[in-house]
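> below are the sequence and a predicted model; questions follow.
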Amino acid sequence: MRKSRIVGHIAAVVYPFCLVFGLYVVLHGHLTPGGGFQGGAVMATGAALMMVAGMFDEGEREIKYHHYKAIEAFGLLLFIGLAFAGILSGHGAFFRNIWANAGGWFGAPGESGSFNSGGLLPLMNLAVGVEVFGGISVILVTMIRAMKAAERGEDREDEEGEGAE
Amino acid sequence: MNTLLAFWSLHTPALAVALPLLGAMLVMLVPAERFPQLRGIVFFLAAALGAFAAINVAGQALADGACTYVFGAGPRIGGGPEATCTTFSGVPIRIYFHIDAAGALMLLVAAITSTAAALYALRSEEGSSGLTAFQPLYLLLVAGVYGMVATGDAFNFFVFLEITSLAGAALAACRIDRGLAAEAGLKYAAISSLGGLSYLVGVGLLLARHDLLNIAALSQAIQGGGPSATDYAALGLMALPLAMKAGTVPMHQWTPDTYSRAPHPVSAFLLISSQASLFGLFRVAFTLFGAPVVSTTSLGAFLAVLAALSMFVGVTMAIPQHDVKRLISHHAVSQTGYMLLGASVALAVLGDAEKTAAFGRDALAGSLFHMMNYAIYNGLLFLAAGAVVWRTGKRNLDDMGGLGRAMPVTMLCFGIGALAIAGIPPMSGFASKWVLYESVFRYSPLLAIVAMVVSLLTLASFVKVFQAMFLGPARKHLSEVKEVPLAMAFPMLLLALATIAIGLFPDVVMQRLLLPAADALLK
């Protein structure tokens, strides 16, 4: 697959928009359809676009692979950490939404439907979004890696075939 | 310190699931190549702490009768107004854990086996390349199994069922060296998804009909109002996939592949995940639908036939096998038949209070007893066979022989496991099989005779395996083989000790654990 400069640069322009739109869907998860998973998937399409356009070369892909893995683990850890917040706060069970209606961030009481509501839910959405972004990107890198390996393997077989002739 | 203890005892039901989950996430953050030891420590600590919490919960539940934990609740965690928080249509919406004596039994079994297998995995999987995936997935599987047996919500059960299915499938495919493992994993994933979907449709039917998901509230609604066609449909849709996930004939084809291709410690714990599905079947049949629905269907008789088939087909398939792990996997199918047999007899006589008191209750207790023993001795067999495979690199029985001199501890452990699975006194398998024979005989002598014949065939099969692996002249290509290290021998010895201890004091286990568990299911 030859790399096209035009496609690559357009992808680079679209990439931040993908991320921002994904983040928008994630952060409004407690108000509108969508949420962590969908938003994370939208963010990952940005990464997919960059990879398909050939903007990450092989070395960069290997580095990105580890970054995405760390992002995924961080998202998961954030989620479970937020679930523990209820226990650690001392007055609630596992998964207690301790910020709901408590004032402060995302805790404005009586303002249902406003962005500043939902307690810990927006943060949990964010954690899921980060995790899904990392996870899907890891899958994409693995698939592209396998694809490239297969391409190389086929090439080698062809060469052997020619040699035999 | 005191506040910490108070915290611990307040939150143990959640922590049993939360600690392995937290460990799974933490272990992912430690680089596998640079800090393998730290990774191992986090992995084992998470498994051990989760098991400790699970044992603690089981103790609380056995002492108080039952133990409840409401997720996301305010200060009143054990229930109260928060527990019955409802929507406009009166649906209790909190996810909550409800651990009765039956759940406590399963938690105990899962805790013991998961810790032993995790300890074994520390050494047996050391240095292998798949650890990045193996350790988090194993902890996820553990958390899923605890959740399945502890939950009091029909939909929440589905969530944990999916967690165990996905983690189990990925673990079975962990060693993709020859493609066989990938096939086994894929098969397990496909079967599990199909089963999970069917269960979900069943739950959906119940939700549409009764507007409830909470198992306790649902069972009241179903059993109080008289069964409807929807209830029968839901019973079928929920019971059959769980029987499939437990590996019952004719839906057993995935078991030999999945168990035999998974890494050795995972094989030992995948058994428990199948047991949790079987336990789910008990929950659905006894707790959720109960006498009004089940006794007007022939579910009990139908499952009894499946159980007899499982026992017989499993053991006859096992006899000609040459791959040692595949052979044990076929025996797993046969042993599942025993567990299902006792429970199906109890189901068949559920509507008849007199017969239930006479032998139905004993049959169910015997079934639970066999579940407990099987989890321990079959886990032991997988670990011991895995130890031999790990040292020799051979899976085929024809390539082994005379290993008893080099691996005496492994031989001892495998021998104890083999005696237990064949039902020879004083091992645990004898006690539970005896309870089953006695109670099943009063329902149908034919079924009891099938069970006894299968037990004999099991003995024959294991005599062959034991002889092929450990006895006979030493083989030249196995002269370098040594005993397994202590870190792998210790968990095996632990399980062997449990097998003997249960076999020596079956009365204590019966009175303290199993009869309360059976009563909790029959209630």
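Here it is on my side, so go on. Because the structure is a prediction, the values reported are computed rather than measured. Numbering: from 1, shown residues only, chains lettered A, B, ... in the order given.

> what about stretch A:93-103, average pLDDT?
Averaging pLDDT along stretch A:93-103 gives 78.

> list the pairing partners of the helix or strand of chain B with the lowest mean pLDDT within its sheet, with orientation.
Across the helices and strands of chain B, mean confidence by mean pLDDT, DSSP states H and E is lowest for strand B:66-70: a mean of 84. Strand pairing for strand B:66-70, determined by DSSP bridges: strand B:96-100 (antiparallel).

> returning to what we had before: could you give the separation of the least confident helix or strand of chain B from the chain centroid?
22 Å (C-alpha atoms, centre = their mean, to the nearest Å).

> equivalent analysis for stretch B:452-460, please.
Its chain's C-alpha centre and that of stretch B:452-460 lie 22 Å apart, by C-alpha atoms, centre = their mean.

> same question for it, mean pLDDT?
95.

> what comes up buried for that stretch?
B:452, B:454-455, B:457-459 (16 or more other C-beta atoms under 10 Å in any protein chain shown). Backbone N, C-alpha and C define where each C-beta goes, glycine included.

> looking at the residues you listed, which is nearest B:Ala357?
B:Met452 (24.9 Å; C-beta to C-beta).

> quick one: the closest one and B:Trp434 touch, right?
No - with contact defined as C-beta atoms under 8 Å, B:Met452 does not reach B:Trp434; the gap is 10.4 Å.

> dump the residue contacts of residue 43.
In the absence of a named chain, chain A is used. A:18-19, A:22-23, A:26, A:129, A:132-133 (C-beta atoms under 8 Å, 6 or more residues apart in numbering or on different chains).

> actually chain B
Here B:Phe43 is in contact with B:23, B:27, B:118, B:121-122, B:135, B:138-139 (C-beta under 8 Å, 6+ apart).

> ok, residue 15 - contacts?
I went with chain A, as the question did not name one. Here A:Tyr15 is in contact with A:46, A:49-50 (C-beta under 8 Å, 6+ apart).

> my question was about chain B
B:Leu15 neighbours (C-beta under 8 Å, 6+ apart): A:94, B:8, B:49-50, B:53.

> which of those residues lies closest to B:Thr68?
A:Phe94 (13.2 Å).

> does the residue nearest to the closest one when sequence neighbours are not counted lie in a helix or a strand, and which?
Excluding the flanking residues, the one nearest A:Phe94 by C-beta to C-beta, 6 or more residues apart in numbering or on different chains is B:Ala14, at 3.7 Å. Element membership for B:Ala14 (DSSP states H and E) is helix B:2-29.

> may I see the buried residues of that helix?
Neighbour-count burial for helix B:2-29 [16+ other C-beta under 10 Å]: B:11-28.

> give me the mean pLDDT for it.
Rounded mean pLDDT across helix B:2-29 is 88.

> likewise stretch B:215-223?
87.

> kindly report the same for stretch A:15-29.
pLDDT averaged over stretch A:15-29 gives 93.

> what's the separation between B:Leu486 and chain A?
Remark: distance between B:Leu486 and chain A (C-beta to the nearest C-beta, to the nearest Å) = 32 Å.

> counting neighbours, what do you get for that residue?
10 (other C-beta atoms under 10 Å in any protein chain shown).

> likewise for the one 3 residues further on?
Around B:Ala489 there are 21 other residues, counting by other C-beta under 10 Å.

> any low-confidence regions in the stretch 101-250 of chain B?
B:176-178 (pLDDT under 70).

> about what we covered before: what's the closest of the contacts of B:Phe43 to chain A?
B:Val27 (8.9 Å; C-beta to the nearest C-beta).

> got the contact list for the residue nearest to A:Phe94?
B:Ala14 sits next to A:87, A:93-94, B:69, B:71, B:97 when contact means C-beta under 8 Å, 6+ apart.

> just A:Ala12 next, same as before
A:50, A:53, A:55.

> A:Ile10 and A:Gly54: what is the separation?
Distance from A:Ile10 to A:Gly54, counting by C-beta to C-beta, to the nearest Å: 12 Å.

> looking at the two, which has the bigger crowd around it?
A:Gly54 (16 against 13).

> am I right that the more buried one is in contact with A:Gly8?
Yes - look at A:Gly54 against A:Gly8 with C-beta under 8 Å: they come within range, at 6.1 Å.

> tell me which of the contacts of A:Ala12 is nearest to chain B?
Nearest to chain B out of those is A:Met50 (C-beta to the nearest C-beta; 24.2 Å).

> got the angle between the helix ranked longest in chain A and helix B:2-29?
In chain A, assigned by DSSP state H, the helix with the most residues is helix A:121-164. Helix A:121-164 runs at 30 degrees relative to helix B:2-29, counting by axes from the mean of the first three to the mean of the last three C-alpha atoms, to 10 degrees.

> touching chain B at all, helix A:121-164?
No - counting by C-beta under 8 Å from any C-beta of the partner chain, chain B has no neighbours in helix A:121-164; the shortest distance is 9.5 Å.

> name the element the closest residue to B:Leu504 other than its chain neighbours belongs to?
Counting by C-beta to C-beta, 6+ apart, the nearest residue to B:Leu504 once its immediate chain neighbours are dropped is B:Pro426, at 5.6 Å. Counting by DSSP H and E, no helix or strand carries B:Pro426.
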